[in-house]
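Novice: Provided below for reference: sequence and predicted model.
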Amino acid sequence: MYDAIVVGARCAGSPTAMLLARRGLRVLLVDRASFPSDTISTHYVPQAGVAYLRDWGLLPRLAATTAPRIVDFLSDWGDYELVGRPPPVDGIVGGYAPRRTTLDTLLVDAAVEAGAELRERWPVAELVWAGGRVVGVRGPGGAEERARIVVGADGKHSLVARAAGAEVYRMVRARAFQYYSYWSGVSRGVLEAYRRGRRGFFVFPTDDGLACVITAAPIHEFAAVRRSPAAEYRRRLGMVESLADRLVGGRQEERLFGTADLDNFYRVPWGPGWALVGDAGYHKDPQTGQGIRDAFRDAQALASAIAVGLGGARSLDDALAAYHRARDAATDEIFEHTCRVAEMAEPTAQDLALRAALRGNEADTALYYGIGDGTVSPRWFFSEANVARILAAARLNARQQLVHGEVDVGEGERGD
């Protein structure tokens with residue numbers, strides 16, 4: 001009998017298994033896939049996510065891969081290229097955007113090294129119940145394994161969540177969809193984000209010198225796009241002239257990936273003998289790039305709760321209830337912000353005025369990109385008071401430059 005069975009071995013499940021095994025618990029980690037293998041993903045590990053890898057002793061392994069560090073951000077809404085760098089997080093400067101073939105394998109290996117038993121190509125068919133509690137899982141050929149707790153880290157369509165009857169208590173249906181592929185000869189070495197009306201485009205460097213090039217659009221356009229996704233993908237990329245020019249000289253190296261399966265939701269992440277982590281319990285649109293960081297954070301929190309509960313310092317149910325409350329408190333604001341971003345509304349005059357005011361304002365541009373890095377509060381940054389402060393500072397700076405220019409001219413005239 002195991003202390004814990006973790007179903008799903010990607011960026012939520014493997015860290016959970018690793019951290020439990022490091023605490024001396026007997027852990028079984030299972031997945032229907034084998035590793036390395038790919039999955040649709042945001043790719044991005046922001047600085048706060050990198051800090052978890054550092055604390056777990058895994059950052060040197062990621063840094064040794066071909067996934068480059070990403071330090072600078074660039075955005076262009078058809079106005080100008082705003083370049084900046086989010087503030088460091090706990091001494092970490094720069095994020096990474098590894099392929100999931102790289103990241104998930106690294107995490108699986110770390111879980112096994114910590115002592116977790118791994119079974120690949122082992123799909124779970126159902127949960128095993130006794131006395132109103134989950135006590136194990138049933139896998140291929142009816143094979144049964146039992147544990148004191150079963151953790152569902154099996155994604156947004158989690159079998160564990162469905163079989164356990166996990167309640168969805170907050171739902172915002174998909175507001176956008178995405179298509180992406182990998183290109184050579186395109187990356188500028190920074191994280192690029194473009195807006196053209198209600199369409200979004202993202203470019204960032206990833207493994208092996210490639211760039212992941214993404215298009216996003218409101219969900220109502222999906223039916224039309226899916227009829228000819230490759231042609232639409234190329235056509236839409238042409239809306240960004242600076243990107244289109246690079247693509248002419250680049251090469252699409254892999255097939256096109258796409259999804260509109262992007263509902264935003266919260267599930268109750270625990271019950272008698274079971275718990276959820278990662279997308280199984282909480283999922284949102286990928287445009288804000290926080291999924292992997294959230295998976296790391298919740299894996300650490302859940303592993304701590306399980307260790308405390310199984311160790312007897314606190315009842316397991318109480319520890320899991322506290323994990324639930326902490327998760328919701330930590331994610332409420334970014335969930336709300338992500339759902340708003342996913343609407344992909346036309347930029348307003350106020351939006352463009354704010355971006356114009358950030359030109360040359362390095363400190364506030366850093367905070368602006370700190371939102372995308374998940375460490376600056378969007379409620380605070382976009383609050384009426386803070387936006388007014390930034391706009392006022394831009395007006396004052398413009399007046400000072402004007403006065404300075406007039407003085408220079410006057411002095412020049414006197415010099416003649």
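Specialist: Cool, got the structure.

Novice: all contacts plus neighbour counts: C-alpha atoms, from now on.
Specialist: Fine.

Novice: Could you list the domains of the protein?
Specialist: Per automatic domain parsing, the structural domains of the chain span 2-43+99-172+262-338, 176-259, 349-415.

Novice: Distance from stretch 24-37 to the middle of the chain?
Specialist: 22 Å (CA atoms, centre = their mean, to the nearest Å).

Novice: So for that stretch, mean pLDDT?
Specialist: Across stretch 24-37, the average pLDDT comes to 98.

Novice: Likewise for stretch 202-217?
Specialist: 98.

Novice: Ok, stretch 311-325 next?
Specialist: Stretch 311-325 comes out at a mean pLDDT of 96.

Novice: residue ranges of the strands in the stretch 201-350 of the chain, please?
Specialist: 211-218, 251-252, 257-259, 264-267, 270-271, 274-276, 282-283 (DSSP state E, counting those that start in this stretch).

Novice: Would you convert the ones you listed into CSV that also reports mean neighbour count and distance to Ala299?
Specialist: Shown next, in CSV, are the strands of the stretch 201-350 of the chain (neighbours: other CA atoms under 10 Å; distance: least, CA to CA, whole Å):
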stretch, mean neighbour count, distance to Ala299
strand 211-218, 23, 26
strand 251-252, 16, 35
strand 257-259, 16, 25
strand 264-267, 22, 16
strand 270-271, 21, 13
strand 274-276, 29, 9
strand 282-283, 24, 12
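
Novice: can you redo those as CSV with distance to Gly372?
Specialist: Listed next are the strands of the stretch 201-350 of the chain as CSV, based on distance: least, CA to CA, whole Å:
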stretch, distance to Gly372
strand 211-218, 16
strand 251-252, 27
strand 257-259, 21
strand 264-267, 18
strand 270-271, 29
strand 274-276, 25
strand 282-283, 17
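
Novice: for those strands, which one sits closest to Thr365?
Specialist: Closest approach to Thr365 among the strands of the stretch 201-350 of the chain is made by strand 211-218 (23.3 Å; CA to CA).

Novice: which residues make contact with that closest one from outside it?
Specialist: 175-184, 186-187, 198-206, 233, 236-237, 342-344 (CA atoms under 8 Å, 6 or more residues apart in numbering).

Novice: So what's the gap between that strand and the chain middle?
Specialist: 14 Å.

Novice: what are the pairing partners of it, and which direction each?
Specialist: strand 176-184 (antiparallel), strand 199-205 (antiparallel) (DSSP bridges).

Novice: before we move on, the earlier item: are any of the contacts of strand 211-218 buried, and if so which?
Specialist: 175-184, 186-187, 199-206, 233, 236-237, 342, 344 (16 or more other CA atoms under 10 Å).

Novice: got the residue ranges for the helices in the stretch 251-400 of the chain?
Specialist: Using DSSP state H, counting those that start in this stretch, the helices of the stretch 251-400 of the chain run over 291-311, 316-342, 349-358, 362-372, 378-381, 384-415.

Novice: out of those helices, deepest packed?
Specialist: Highest mean neighbour count of the helices of the stretch 251-400 of the chain: helix 291-311, a mean of 22 (counted as mean count of other CA atoms under 10 Å).

Novice: Do me a favour and get the end-to-end distance for stretch 16-29?
Specialist: Start to finish, the residues bounding stretch 16-29 are 9 Å apart (CA to CA, to the nearest Å).

Novice: ignore the last one, stretch 279-289
Specialist: 13 Å.

Novice: That stretch: how far from the chain's middle?
Specialist: Counting by CA atoms, centre = their mean, stretch 279-289 comes out at 7 Å from the chain centroid.

Novice: And for stretch 198-217?
Specialist: 14 Å.

Novice: could I get the strands paired with strand 211-218 as a markdown table with distance to Ser75?
Specialist: A markdown table is the format used below for the strands paired with strand 211-218 (distance: least, CA to CA, whole Å):
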| stretch | distance to Ser75 |
| --- | --- |
| strand 176-184 | 18 |
| strand 199-205 | 9 |
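
Novice: Show me the one of those strands that comes nearest Ala326.
Specialist: So among the strands paired with strand 211-218, strand 176-184 is nearest, using CA to CA, at 28.0 Å.

Novice: Among the strands of the stretch 201-350 of the chain, single out whichever gets nearest to Leu107.
Specialist: Taking CA to CA, strand 274-276 is the member of the strands of the stretch 201-350 of the chain nearest to Leu107, at 18.1 Å.

Novice: Give the other helices and strands that that closest one contacts.
Specialist: Judged by 3 or more CA pairs under 8 Å, 6 or more residues apart in numbering; DSSP states H and E, the packing partners of strand 274-276 are strand 144-152, helix 159-164.

Novice: Burial-wise, tell me which of the ones you listed comes out on top.
Specialist: Of all these, strand 144-152 carries the top mean neighbour count, a mean of 22, counting by mean count of other CA under 10 Å.

Novice: now that strand against helix 291-311, angle please.
Specialist: 130 degrees (axes from the mean of the first three to the mean of the last three CA atoms, to 10 degrees).

Novice: ok, strand 144-152: who's next to it in the sheet?
Specialist: Partners of strand 144-152 in its sheet, by DSSP bridges: strand 2-7 (parallel), strand 133-138 (antiparallel), strand 274-276 (parallel).

Novice: what's the second one in contact with?
Specialist: Strand 133-138 has contacts (CA under 8 Å, 6+ apart) with 5, 124-129, 144-150, 164, 272-274.

Novice: Tabulate the CA atom coordinates of it in CSV.
Specialist: Below are the C-alpha coordinates for strand 133-138, written out as CSV (Å, rounded to 0.1, in the frame of the first residue of the first chain):
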residue,chain,number,x,y,z
ARG,A,133,-13.6,7.3,0.8
VAL,A,134,-11.2,6.9,-2.1
VAL,A,135,-8.7,4.2,-1.2
GLY,A,136,-7.0,3.5,-4.5
VAL,A,137,-7.1,3.3,-8.3
ARG,A,138,-7.8,0.6,-10.9
